Every structure is written in C-alpha cells, then in structure tokens.
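[1] My questions are about this predicted structure, shown below with the sequence.
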Amino acid sequence: MTDGREGPVRVGLLGAGSVAQVAHLQAYRRLRSVELVALCDEDPTKRRALRERGDAERVVETIDDLLEIESIDAVDVCLPSHLHHRSVLQCLEAGRHVLCEKPLALDPAGVEEIVRAAREADRAVLVGMNNRYRDDSIQLKELLEDEALGELYHVRAGWLQRRERIRPDHWQYQKEKSGGGVTMDLGIHLLDLALWLTDYPGVERVSACFHRHMPEIEVEDTAIAQIRCRGGLSIALEASWHYLLQSDRHYFEVHGTEGSGLLNPLRVHRRMHGGLVDATPQGQRPTGNLYMESYEREIAFFAEVVAGREEAPPLEEQLVLARALSALERSAETGREVSLDEAR
C-alpha cells in the first residue's frame, strides 16, 4: 500500500471543526512521523485563522483543491458525519490513504461501498476509534489475548453525560447529518471498543430502547442496548446526554470465567491460588490526558500504516459495527429484538 517514499508521511487535513482543532492539530504539532502539508475548510473565517496560525504550508477551500496537491500521501477526514462517505470515496479515487473520524458512513451500504473502494484502490482506510489507542485499552487487550481472564462472557459499558447547552441547529443533533443521536456520538465508541477487545465476534441479535428527553432536538439523547454475539458473549451498553447527576460517568468492564478487567484506570482481578487477587499490571504510566494521548497514538499508528510498517485493522470490522448500529435503531423503533440479518 505504501508508495515507498522516505521521511514523514505527508497529510492533508479535511475539515477544521472541533475535533480537528482540539485533538488532531495538537497531535500533528507533536509528531515527527507525519507532516501536515495542507488544511482544508470551506469556512473563510476558519481558513483565515488557520493561515495566521501557520499549522500547514497551504490552506485551501475545497477537497478538490486539497487532492490537487501531489505531495500529499494521505487525507485526515474531520468533516461532519454525513460528509464522510462521499469524501472518503473521493480520496480513494485520487489514490490517497485515509484516516476518517467515526462513523465511516451513516449506514451499512455506505460502509460496504467504502470497503470495496479501498480494496480496489489498494489504499488503507483507518477509522478514528481513538479509544482503542488508550494505554489502559491496549494493556487490557494484551491481557485478553493471553486469555488471562478465561472465557469472556460479558461486557458492560456506559458513557453518561449531562449536556445543558444544546444547539438544535448543530449537525450533531440532526438525524440526516449525524445518522443518529447519542448512539452515534458516544455509543458507537463503546460498542467498537467492546467488539475490538473481544476480537470482533459476529453480532447475532440486538435489543435497544431509545429516549428523547430533549424536545428541541430530533435524535435520541439516551440509549440502552443489549447485544448478543456468537459464542454466547453479551454486551450491555448505556449512553446518555441527559444524565442528571452531579458529574458525568464513564465505565467499562470485561468479565470472564477467570477474572474481570475494568478501564479508566485499568484494574484487573483474577481467580488465582484458590482465591480472587488483584492482578492489575504494575508499573502503569502516570495517567495524563487519555483523550489527547489516544489521538496522538492513533495518528502515529496511521502514519506507520501508510509507510507500510503496520497493517490497518480489517475495514470489514466497520461493516459489522454499522450493521449492529442499524439493528439497534430498528429495535428501538419497533420495540422488539432484531436479528443482524435484518440489518443487511
């Protein structure tokens, strides 16, 4: 997949919204394996600010302008969700590798089209599931690969926020542009992490309940889901923007026949020597900003993929994820359990 060039991977950033400003640009400033060659945004005010900051040599207006820059090896797509599908396809057609913020597309058909296009173009597509790149997630993944917790049978996870300032006109709260509410915002991260940690087992059926407590928006603000996978693994998820307690809450638990693992921070308990012992790995790095560090590690990994030194995760995983999300929405709409065969 690599073009064999030496030196840093040269990237064009498409879209200068909040995730680009807060996470991606910060990472590019610190990494030496990637060079941010150009920035692209349709908003003239943003372009002016980007030029003044000098984060890249060039600042352009459209994706066509960006793809005309021959020195760019890859494109980092940070646009609103409804623009991902079209933009990724255009980048692949232009022979560029792609890092795309989640979701890859708003429906399974769009993801399937990108999977085919990436294969035909022989270019890598990496989806920005940054929680995979956290220190605690990586350590737990290694433990699970070593079967340290025995046979896994249940994952329990939640991401609960209290959002008091909602802008109904923002794309994130419009179904046509976001693909969904809190499920596509927070729930997608939880589900991807649960499936990734358990080697992306086949999802068989799902059941979900969505709630709308915020009448000013047209998407769900709370989602509760139960997912059944092949082999008997169950996944229980809850996500909310309407969590009415003093502070937000984030939890993630993996349970096996020989122990359990929890994230943020990593804690591990195993059945050993006739009892239950604390088997949390020693020497964990002091916790910094997990959010920022995960994006930096994600972009560094993407550079290694483009350079041919690492292999991107199978893009088909995103098709499994998209079908599961589609089935969850159908279950919430119909009030019944839904088989994944119905989401194809």
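    Cool, got the structure. Just so it is clear, the model here is predicted, and its values are computed rather than measured. Numbers count the residues shown, from 1 in each chain.
[2] Alpha carbons of the longest helix belonging to the chain, in CSV - could you do that?
    Identified as the longest helix of the chain according to DSSP state H is helix 316-334. Output of helix 316-334 as CSV, limited to C-alpha atoms (Å, rounded to 0.1, in the frame of the first residue of the first chain):
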residue,chain,number,x,y,z
GLU,A,316,-14.8,-5.2,7.5
GLU,A,317,-15.0,-4.6,11.3
GLN,A,318,-16.7,-1.3,10.5
LEU,A,319,-19.3,-3.1,8.4
VAL,A,320,-20.1,-5.3,11.4
LEU,A,321,-20.3,-2.2,13.6
ALA,A,322,-22.6,-0.4,11.1
ARG,A,323,-24.9,-3.3,10.8
ALA,A,324,-25.1,-3.6,14.6
LEU,A,325,-25.9,0.1,14.9
SER,A,326,-28.6,-0.1,12.2
ALA,A,327,-30.1,-3.1,14.0
LEU,A,328,-30.2,-1.1,17.3
GLU,A,329,-32.1,1.7,15.7
ARG,A,330,-34.6,-0.7,14.2
SER,A,331,-35.0,-2.4,17.5
ALA,A,332,-35.7,0.9,19.2
GLU,A,333,-38.2,1.9,16.5
THR,A,334,-40.1,-1.4,16.6
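[3] what residues does it touch?
    103-105, 107-108, 110-112, 115, 127, 180, 183-184, 187-188, 191-192, 195-196, 200, 202-203, 205-210, 220, 223, 225, 227, 337-340, 342-344 (C-beta atoms under 8 Å, 6 or more residues apart in numbering). Using the backbone N, CA and C atoms, a C-beta is placed for each residue, glycine as well.
[4] Could you give the separation of whichever helix or strand comes after that helix from the chain centroid?
    Next helix or strand after helix 316-334 toward the C-terminus (DSSP states H and E): strand 338-339. Centroid separation for strand 338-339 versus its chain: 24 Å, with C-alpha atoms, centre = their mean, to the nearest Å.
[5] Name every strand pairing with strand 338-339 and say which way it goes.
    strand 203-211 (antiparallel) (DSSP bridges).
[6] ok, back up a step: centre of the chain to the longest helix of the chain, how far?
    In terms of C-alpha atoms, centre = their mean, the centre of helix 316-334 is set 15 Å apart from its chain centre.
[7] likewise stretch 297-305?
    Put simply, stretch 297-305 sits 14 Å off its chain's centre (C-alpha atoms, centre = their mean).
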